[in-house]
Each structure stands twice: as structure tokens, then as C-alpha cells.
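>>> Okay, sequence plus prediction incoming.
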Amino acid sequence: MIANRTLELLSLLQTQKEWTGDGLAQRLGVSPRTVRRDINRLRELGYPVTATKGPSGYYRLSRGARLPPLIVDDEQAIAIALSLQTAPASVTGMGDATKRALNSIRELLPPHLAHRLATFSIEQIENAWELAPPQVDPGLLAALSTAAQQRDLVRFSYRSINLDSTQDSEVLAEPHRLVVWSGRWYLVAYDQQGSSWHAYRLDRIRQLASTAWRFGKREGPEGDITRFVQNQPDRGDAPDTWPCWGTVLMECPATLVAKWAPGAASFEAIDDRITRIQMGAWSWSALIGFLITFNCRFTVEGPPELVDAARKVMGRIDVEIPRSDEHSAPSTGTSA
């Protein structure tokens, strides 16, 4: 019981910079006197916990000292193993780094937890239906994350890809938050020149530079951040990302297209009923398959290969539907 409480105390000190004695006592469900004893126990184990006295006193786990072996509970050890082994494949050069990080952490763990961690060995297999995302540079992620945290104004070149054109522009932005959706990385930021919020695809950002200027606190875009990113018309991959790329007019409101279309798709609302959608896939038949999942009528605008694929796919579907008086399981067949 004491050991578990001491472990929980250490976890609290690691997750928050400063704690009052009363705050720790309330979280642990013990008295302030018990907290003081547990703090002394941590010090005896080698953890450098500093304390200030008085009404505004606090406890803090000091940095820079040589810490004893890392202490985490079983659930935290499993979380570490799963997180490192299932890190997003859309970040370049992270495969070897995650393996080395996992090995380093194992060396810091007590033997029984190191063994526990070793039992979680996971091999990721690429799923083609997930529409593999373009990879981004981890250095870019770090730079934008730091800029968002410190409110540093940044400048970068951005390539916008609309349904029928490509355009490069210079952006002066206030970084707000990094978002991952469908394996694709976005920077939600406020464009100072355009006085508007945008979700910028990280794989289209070039020549990122700090301006040495700070910006003030600003409320984020209205509504749910997830809905904001999904509703960006220019959110998809470039045409050259996929070997097959096409455009259709779909009898489906843009609100539904935004919610259910994969991250590789771009769309344009024609009216409240019709949406133009453009996306790519690894084959023309696969592209038709994605479009069919919307369960609505659509007209292929191009290219001719997509028109031919639609005819072939429709011609291959031959489903036998049982009469209403038949109680046997339906039989389904597909003819070439």
C-alpha cells in the first residue's frame, strides 16, 4: 500500500511542475503529514524533491540531478510500449529512433517491468485501404510545436492544391495546434495577412522561418477542432501522390462528404445537394469502390480511365436476391 502510494506521488510530481502539500494530500487521500513522510521516502530513494515553506509553499521534483531507475506502474509501461511501437508512420526516420527509445527506457526500468515491456512486441503492417499519407520531417514537427507553445510568429511558403490549380504563397502565421487526421499532419494557425484561420498540411510547408516576433493569445477557430480540419476544402493529397486520380459530381451534401471522405480527398460544395469531390487511389477500381461507399448517385467528370472503370465495375456485379418466400441464406456471386 505504501509502495503504491509512493509510486503515485512520484507520478504526480513528474506530471506537474509544482504541488502544494494540501494539493498532494487531497489527490492521494491522505493527510499532509503523510505526504511529508512519503516525500522523505522519495528522497531516501534518490529522487531530488525540493520544498519551500510557508502558506504558498510547494514541492517540486528537481531537474538536472542523476535520477535512480525510472519508476512507472504496469499500465504506464504498457502505454510506453504500445505508443512507441505504433508511432505514426507518416513521420520520416522514426522507425529506428522509436526502437532505440524503447530499448533505453527498458534499461531504466526495474527488472520485472522491463520483462513486462518486452512481452509487448508489435509488428505494424501497412493497410492499403488507409491511403498511405505523405511523410513529414520530425524537425518541422518540433519547430512548429515549439512555435505554438511559445507563441512565435512564423513565416513559410505553402503550396495550395485546389480542384483545378496549384499555387505557392507566402504565409505569416500564428501557430495554434498540431493535428493528425487519417495519418496526415495539419497545422491549425491564424493567417495574419488574410485575417483568417486555416489548417495547413505539413507536407506542403516549405522554408519555415521564425520572425523573432511573439503574438498575443487568441481564441481558436469556432467550433470543434476536428470539424474545422475536416471541413477544409483543400485538405487532401496532391494528384501526383496517387497513380489514379479523378473527379466526380456527387449527389451528397458537402457536410456529409467532409465527415466521411478520407483524408486524401478534396471537395467543393456546388450547392446544398451537389458536391464535387476529387481524390486518388492505387487503382481506378479502388477509386470507384471508395465512391460507392457514399451510397448515392454520382457523375464521373474525368478522366476517361475513371469512366471506363465505373462501367467495368458495374458490369461485374451480379447479385442473386432470394424471393421473399425463401428462408434460406442468400447466395451472392460476382461475374467477371
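The structure has been received and is ready for your questions.

>>> can we go C-alpha only for contacts and neighbour counts from here?
Will do.

>>> could you pull out the helices for this protein?
With DSSP state H as the criterion, the chain has helices at 2-15, 21-28, 32-44, 74-85, 94-108, 111-118, 138-150, 225-230, 254-260, 284-292, 304-316.

>>> Thr166: which of the ones you listed is closest?
Comparing these against Thr166 with Cα to Cα, the closest turns out to be helix 225-230 (19.9 Å).

>>> name the helices or strands packed onto the closest one?
The criterion is 3 or more Cα pairs under 8 Å, 6 or more residues apart in numbering; DSSP states H and E, and the helices and strands that helix 225-230 contacts are helix 254-260.

>>> how about the helices of the chain, which one is nearest Arg177?
helix 138-150 (6.5 Å).

>>> Mind listing what's buried along the closest one?
For helix 138-150, the neighbour count (16 or more other Cα atoms under 10 Å) marks 140-141, 144-145, 147-148 as buried.

>>> Same question for the lengthiest strand in the chain: list its buried residues.
Secondary structure of the chain per DSSP state E: the longest strand is strand 166-181. By 16+ other Cα under 10 Å, the buried positions in strand 166-181 come out as 171-179.

>>> strands paired with that strand, and their directions?
strand 152-161 (antiparallel), strand 184-191 (antiparallel) (DSSP bridges).

>>> Throw those strands into a markdown table and include mean pLDDT, distance to Arg60 and mean neighbour count, thanks.
Conversion of the strands paired with strand 166-181 to a markdown table gives the following (pLDDT from 0 to 100; distance: least, Cα to Cα, whole Å; neighbours: other Cα atoms under 10 Å):
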| stretch | mean pLDDT | distance to Arg60 | mean neighbour count |
| --- | --- | --- | --- |
| strand 152-161 | 89 | 28 | 19 |
| strand 184-191 | 90 | 33 | 22 |
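
>>> Those strands: which one's closest to Thr275?
strand 152-161 (17.3 Å).

>>> most centrally placed residue in this structure?
The centroid of the chain falls nearest to Val180 when counting by Cα atoms, centre = their mean (2.6 Å).

>>> so what's that one bridging to?
Going by DSSP bridges, Val180 is paired in beta bridges with Trp185.

>>> from memory it sits against Ala199, does it?
No: if you go by Cα atoms under 8 Å, Val180 and Ala199 don't touch, sitting 11.0 Å apart.

>>> Identify the contacts common to those two.
Shared contacts of Val180 and Ala199 (Cα atoms under 8 Å, 6 or more residues apart in numbering): Tyr186.

>>> that older thread, any chance of the strands paired with strand 166-181 in TSV with distance to Ile39 as columns?
Formatted as TSV, those follow (distance: least, Cα to Cα, whole Å):
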stretch	distance to Ile39
strand 152-161	38
strand 184-191	41
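
>>> ok, so what distance separates the nearest residue to Glu305 once chain neighbours are set aside from Glu251?
Distance criterion Cα to Cα, 6 or more residues apart in numbering; nearest residue to Glu305, sequence neighbours excluded, is Trp284 at 7.1 Å. Trp284 is 20 Å from Glu251, where distance means Cα to Cα, to the nearest Å.
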